[in-house]
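Undergrad: below is the structure, and that's it, no one-letter string:
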């Protein structure tokens, strides 16, 4: 790896799905599967484990948006229940799929940058 190149921001690298060390290699092999390693700098992605963090943040963000929109729609337009169901299900699925990969990338990049490891008892 070129030492003169600046280290990328973990948030920007994670949002773009790029390697947190070099900022150029791809972090994902599929939609949510980490590659074995970076194709540019050979950083091993085997130790990355974002756990349930992305799911928690996705549920929190999507829940706030969908519930807020449902309340606004009910107060403003009083639509039938099938409209609420259609809008809520479409938004929930769409926003979840849109947010889960970038959030998983950000959490993995922050884990690398902060040298986070699993806690151990002595």
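TA: Looks like it arrived, so ask away. Only a predicted model underlies this, so the values are computations on that prediction, with no experimental measurement involved.
Undergrad: nearest spatial neighbour of residue 55, skipping sequence neighbours?
TA: Nearest residue to residue 55 in three dimensions, chain neighbours excluded: residue 100, at 7.3 Å (C-beta to C-beta, 6 or more residues apart in numbering). Yep, even glycine has a C-beta here, placed from its N, CA and C like the rest.
Undergrad: show me what the particular helix or strand that has that neighbour in it is packed up against.
TA: Following DSSP states H and E, one finds residue 100 within helix 81-113. Applying 3 or more C-beta pairs under 8 Å, 6 or more residues apart in numbering; DSSP states H and E, one finds that helix 81-113 makes contact with helix 10-16, helix 53-76.
Undergrad: winner for burial among those?
TA: Of those, the one with the most neighbours on average (mean count of other C-beta atoms under 10 Å) is helix 10-16, at a mean of 19.
Undergrad: what's the end-to-end length of stretch 35-51?
TA: 16 Å (C-alpha to C-alpha, to the nearest Å).
Undergrad: off-centre distance for that stretch?
TA: Centroid separation between stretch 35-51 and its chain, computed with C-alpha atoms, centre = their mean, to the nearest Å, is 16 Å.
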